[in-house]
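Student: A predicted structure for the sequence below; I have some questions about it.
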Amino acid sequence: MIRRLIKFLVYLVLLAFIGLAAYAYLGPWFGVDFSPPQSEIRKPVDLNVD
């Protein structure tokens, strides 16, 4: 019984991994945009050099 449960969980993890990889590769074809929003950010840096 435990062996069947472990086998089911392994198949489930493999299926989830394949689904995630397929979503990552095929997502842009379906209009999903994975790129981060790009904007310039400027912040002053204080260097305490003595």
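Tutor: Received it, and whenever you're ready, just let me know what you need. This is a predicted model, so every value here is computed, not measured. Numbers count the residues shown, from 1 in each chain.

Student: Now do the helix or strand hosting Leu12: everything it contacts.
Tutor: Counting by DSSP states H and E, the element that carries Leu12 is helix 2-26. Identification of contacts with helix 2-26 by Cβ atoms under 8 Å, 6 or more residues apart in numbering yields 32, 34. Placement of C-beta: from N, CA and C, glycine included.

Student: From here on, call the first residue 8.
Tutor: With the count now opening at 8, the last piece we talked about shows up as helix 9-33.

Student: next one: it to chain centre, how far?
Tutor: 15 Å (Cα atoms, centre = their mean, to the nearest Å).

Student: got the buried residues for it?
Tutor: Within helix 9-33, no residue counts as buried by 16 or more other Cβ atoms under 10 Å.

Student: Point out where this structure drops to low pLDDT.
Tutor: Scanning the chain with the threshold set as pLDDT under 70 gives 57.

Student: Spit out the contact partners of Pro51.
Tutor: Taking Cβ under 8 Å, 6+ apart, one finds nothing in contact with Pro51.

Student: Name the SS class of it, please.
Tutor: coil (DSSP: H, G, I helix; E, B strand; the rest coil).

Student: Equivalent analysis for Glu47, please.
Tutor: coil.

Student: Can you give me the distance of it to Asp40?
Tutor: Glu47 is 20 Å from Asp40, where distance means Cβ to Cβ, to the nearest Å.

Student: neighbour count winner among the two?
Tutor: Ranked by neighbour count (other Cβ atoms under 10 Å), Glu47 and Asp40 place Asp40 first, with 8 against 4.

Student: before we move on, which element is that one in?
Tutor: Using DSSP H and E, no helix or strand contains Asp40.

Student: Give me the nearest residue to Val39, chain neighbours excluded.
Tutor: Of all residues not flanking Val39 in the chain, Tyr30 sits nearest, at 7.9 Å (Cβ to Cβ, 6 or more residues apart in numbering).

Student: Now do the one you found against Leu19, distance only.
Tutor: Distance from Tyr30 to Leu19, by Cβ to Cβ: 16 Å.

Student: Since that was my last question, I'll sign off now.
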